[in-house]
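Asker: attaching a predicted model along with its sequence, questions to come.
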Amino acid sequence: MIYYIPEGHGCAYSIDTEGTLFYIPIVEGGALYFDEIAEVDYDNVDGCCYEPEVKDIHQKLIQMSKIAGIYYQP
């Protein structure tokens, strides 16, 4: 699994093999807290200050996963 950790978000992002975007909180000390992994809800991101960044992160993760050969393209 590929992770992207942008500054200031307090979480890491990743996608599954079909491109669904997930976020994983970062706990004190910098560890990823996998017990709280959740799908990004674009309805709550629309209009948010992070919206353009999240969409860009999603595209970057898709590109990285394609290069790694782990992204399923229907």
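Answerer: Yes, it's here.
Asker: quick one: L61 and Y13 touch, right?
Answerer: Yes - judged on Cβ atoms under 8 Å, L61 makes contact with Y13 at a distance of 6.4 Å. The way it works is simple: take the backbone N, C-alpha and C, and place the C-beta from them, glycine included.
Asker: other residues contacting the lowest-mean-pLDDT helix or strand in the chain?
Answerer: Across the helices and strands of the chain, mean confidence by mean pLDDT, DSSP states H and E is lowest for helix 42-45: a mean of 74. Here helix 42-45 makes contact (Cβ atoms under 8 Å, 6 or more residues apart in numbering) with E51, V54.
Asker: how far off centre is the host helix or strand of P52?
Answerer: Per DSSP states H and E: P52 is located in helix 51-68. Averaging C-alpha positions (Cα atoms, centre = their mean, to the nearest Å) puts helix 51-68 8 Å from its chain's average.
Asker: buried ones in that helix, by neighbour count?
Answerer: V54, I57, H58, L61, I62, S65 (16 or more other Cβ atoms under 10 Å).
Asker: in the chain, which residue is most central in space?
Answerer: Y13 (2.3 Å; Cα atoms, centre = their mean).
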